[in-house]
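> next comes the sequence, and after it the predicted model I'd like to discuss.
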Amino acid sequence: MAGMSPADVYELTGVADPRLSPDGSTVAFVVWWIDGESNEYRSSIWLAPIDVTAPPRRISFGDKRDADPRWSADGRWLAFTSNRAGDKMQLYVLPIDGPGEPRKLTDLKEDVEHVAWSPDGSRVVFASRVPDPSYEEADEKKRPPRRIRRLQFKLDKDGWTLDRPHHLFVVAADGSEAPRMITSGEFEDMRPAWSPDGTRIAFVSARHEDWDITLITDIYLVEADGGEPRLLTKLDGECSSPSWSPDGARIAYFFTPGVFDEPRHTQVAVVDPATGDRVILTARLDRNCRPYPEIREPIWDGNSLLFAIEDRGNVPLYRVRPDGSAEPGAALDGEFVVTGYDASAGRVAHARTTPTSLSDLYVGDRRLTDVGKAFVERRELAAPERFAAVSPDGTEVESWIMRPTGFQEGNRYPLLLNIHGGPFSQYGDGFFDEFQVYTGAGYAVLYSNPRGSSGYSESWGRAIRGPVAGGPGWGSVDYEDLMAVVDEAIKQFDFVDPDRLGVMGGSYGGYMTSWVVGHTDRFRCAVSERAVNNLLSQDGTSDLASFFKAYTGAYPWEAPEAYLKVSPWSSAKDITTPLLIIHSEDDLRCPVGQAEELFAFLRANKREVELVRFPIECHELSRSGSPVHRVMRFEVILEWLDRYLKG
C-alpha cells in the first residue's frame, strides 16, 4: 500500500467545531472536505445523537461552505454561517425539528464571524468588517489613497484593515429587523459574548490611546442596544475570548500577561464584571492554555471551567475551579490533539486527531463519526517514534522520527529535519499532511520541540529571548538543540543515512532553516519557506509591527546590530548548501521581500539557489491556501529533495 502523495491533498477531510445542544443530547458539528474540481474548500453541518441511537445526519445543504453551528438556548434553532448565496459568509438560522428552510438574516459586504445567541433566543450578535465607503468605487484607478496614521493597518490573509475594521452587530433572529451596528470607531471589536440577563455584551478590543503601538487587548462591556463601551480589564496584557458564568457574576477569558514580553503562557482568568477584580487560575500549571490556532473560549461546565492546553506535543482538555480553590486537572488526556470541544448538561464532546487519523467526533473515548476512515484505509500512514536528545549544555529535547512508507530493515534512508514555525508553538500528536507526504515519498522525517517551543514550561519557551535583554536570542540554544536531535537520530536509528540529510521549515522554521545552512554544511539541501531572513527590515514591513521588540528587548532602531546579529542574512555569505526558497506573494506576516533579499545575495554570489513564488497566497499557503497550489508546492519540494538526496 502506498503512502500519501501530493495529490491526496484533495482527499483530506475532517470534523470541526462540535457544539452540544442545551440538553446535552445532540451534537452539531462541521464536516469539511476539498472540492478538487472547483479548487475550493467545502463544509456542511451535521447532527449526531450522543447516545448513538441513530447515525449522524447532514442538515445543511449549501453548495459551498456552511459553518459555525450555534444552538439557541431552547434548543429549537441553529444559527450558522454560509456563503451559499455569494462570496461572503452570511448569517442563517435553521429550525432543528423542521420543517423549514434556513432563514437568511444578513446581506453584508464582509463575512459574518463570532456568532452568539442572546439568552432569550430573540437576537444574535456577531462581528463583521465594515468597509469604508471608498470601496464602493469599483475602479481602483479612481479610488482615493489610504491615509495611514496607525501602525496596525494590515493583517495577513485579511489584507487592509485600517479602512475595514471589525465591529459588532445585533440582528433579530426572526428576520424582522436589519442588523444594527452597536460598536464603532477605528478599533477591532471581536468575540462577543452575551451576559446571562441579555442586557450586556462582553467583547475583545484594543481602544487605549496607543493601541497600535502597545500591542495589548482588553475585555470591554457594551449595552446590548449599543452605547459607549466600558473597559473591564487592566491594560496589562492580551485578553481574549470572554465567557460569562451562568449567574453573570464572573467572566472567564484567556489572559497573556505582559507588554512587549514574548513569549508568555496564556492563562485562564476570571474577572468580576462589576469591580474588575481578576483571579488567574492556571499559573501553577505552567503550560500554555491557548493552543495555536485558538480552538475556542473557556467553557463553564458545572463547578469548573473546561479548556485546552499544549503539553509535550499533545493538546488535552483540562478543568479548573473558577474560585481557584483547586489545582487544574486533566479532563481528557492522551496521545492526540483536540481540535474542538464543547460541554453541556454534564456531557463533553470533542473532535480529535492523531498522527495516523484525521479529525473525528468523540464523546469520551467513544467515536461518533468516521469521516476519515476511507482516507486512512487506502494509504500506509507513518506513525511517529518518540525519543530524547541531549543538547551540549545537558538539556533534554523531546523528538520524534517517522520511518518512510515501505520501510525495510537493513536499508538506509535520506532524513529530513523539519522545524516548526512560531517559534512559540509545538509539533504534536495530530495528523500532519507534510510529514505523511514526505514519508510517502521515501524519506525518514525528523522533528522536535527545541527550546523556544510551547508545550513545556514557560522558561523553555523564553529561552531564546534577546539578545538585548532576557536571553541569547533566536539562533542560539534552539540551533544547538536541533543539531543535537540530528546527532541522536543518526546514533540511535541505523536506518538513517548520515550522508543524505535535508533541512526544511516554514515561518520561524524557515528562519531557522536559513540560519542552519549559514552555520553548517552538513545538509545536502534545504527548503526555507515563508521565512524572516532579515529581522531589521522585517519589523517595519510585517503586519505584526513591533513584534520583535517583545523578543529582542528593543526596537530595531534602538539596537540594529542586535537585529542583524540574529538574522540569517548576516551569515548568508557562509551558505553553500543548495537552497530552495518558497514564498507567497501576498504574505503580510513575512513579506516576500524577505525571500528576495536572500535570493538576490545568493544568486549574485553564484550559490545554488532557487526562488519559487506563489501568486495570490498569504502566509497560510501550506495550511489553507488554494488546494491546487498546495499540491504544486509539494511537487516543487519533492522535486528539489529528490534532486539532491536521491539523484
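The structure has been received and is ready for your questions. None of the values given here were measured: they were computed from a predicted structure. Numbering: from 1, shown residues only.
> what about stretch 567-583, average pLDDT?
Across stretch 567-583, pLDDT averages out at 98.
> check stretch 363-376 too.
Here the average pLDDT along stretch 363-376 is 97.
> quick one: buried residues of that stretch?
Going by neighbour count (16 or more other C-beta atoms under 10 Å), the buried part of stretch 363-376 is 363, 368-369, 371-372, 375. Every C-beta, even on glycine, is put in place using the N, C-alpha and C of the backbone.
> and if you look at stretch 144-164?
Burial within stretch 144-164, assessed by neighbour count using 16+ other C-beta under 10 Å, is assigned to 151-156, 160-164.
> so how far is that stretch off the chain centroid?
22 Å (C-alpha atoms, centre = their mean, to the nearest Å).
> try stretch 639-647
31 Å.
> now swap in stretch 467-482 and tell me
Stretch 467-482 has its average C-alpha position 24 Å from the chain's average C-alpha position, going by C-alpha atoms, centre = their mean.
> returning to that earlier point: and the buried residues of stretch 144-164 as JSON lines, adding pLDDT?
Putting the buried residues of stretch 144-164 into JSON lines (pLDDT from 0 to 100) gives the following:
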{"residue": "151", "pLDDT": "93"}
{"residue": "152", "pLDDT": "93"}
{"residue": "153", "pLDDT": "97"}
{"residue": "154", "pLDDT": "97"}
{"residue": "155", "pLDDT": "98"}
{"residue": "156", "pLDDT": "98"}
{"residue": "160", "pLDDT": "97"}
{"residue": "161", "pLDDT": "98"}
{"residue": "162", "pLDDT": "97"}
{"residue": "163", "pLDDT": "97"}
{"residue": "164", "pLDDT": "98"}
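> filter the residues you listed down to just the ones in strands.
Mapping those onto strands (DSSP state E) picks out 154-155, 160.
> regarding the chain, what is its longest helix?
Taking DSSP state H as the criterion, the chain has its longest helix at helix 627-645.
> and it, which residues are buried?
Buried residues in helix 627-645, counting neighbours by 16+ other C-beta under 10 Å, are found at 627, 629-634, 636-638, 640-641, 644-645.
> now do stretch 452-461
Going by neighbour count (16+ other C-beta under 10 Å), the buried part of stretch 452-461 is 452-456, 460-461.
> what's the farthest-apart pair in the residues you listed?
Spatial extent of the buried residues of stretch 452-461 (C-beta to C-beta) is set by the pair 452 and 455 at 11.0 Å.
> residue 547: how many residues sit nearby?
Using other C-beta atoms under 10 Å, residue 547 has 18 other residues around it.
> sorry, wrong one. I was asking about residue 398.
Neighbour count for residue 398, taken as other C-beta under 10 Å: 20.
> now do residue 388
Using other C-beta under 10 Å, residue 388 has 13 other residues around it.
> phi, psi of the residue nearest to it when sequence neighbours are not counted?
Spatial nearest neighbour of residue 388, excluding adjacent residues (C-beta to C-beta, 6 or more residues apart in numbering): residue 396 at 5.1 Å. Main-chain dihedrals, residue 396, degrees, to the nearest 10: phi -90, psi 130.
> ok, the one 3 residues further on next?
Backbone geometry at residue 399, expressed as degrees, to the nearest 10, gives phi -140, psi 160.
> ok, residue 249 next?
Torsion angles, degrees, to the nearest 10, at residue 249: phi -80, psi -20.
> ok, it - how many residues close by?
13.
> ok, the nearest residue to residue 646 once chain neighbours are set aside to residue 432 distance?
Nearest non-adjacent residue to residue 646, counting by C-beta to C-beta, 6+ apart: residue 414, 6.7 Å away. According to C-beta to C-beta, to the nearest Å, residue 414 and residue 432 sit 19 Å apart.
> please pull out the lowest mean pLDDT helix or strand from this structure.
In the chain, no helix or strand scores lower on mean pLDDT, DSSP states H and E than helix 547-552, which sits at a mean of 94.
> next helix or strand past that one?
Downstream of helix 547-552, the next assigned helix or strand under DSSP states H and E is helix 560-565.
> correct me, but residue 504 touches residue 637?
Yes - counting by C-beta atoms under 8 Å, residue 504 does reach residue 637; the two are 7.5 Å apart.
> okay, and the common contacts of the two?
Listed as contacting both residue 504 and residue 637 by C-beta atoms under 8 Å, 6 or more residues apart in numbering are residue 527.
> with that, I have no additional questions.
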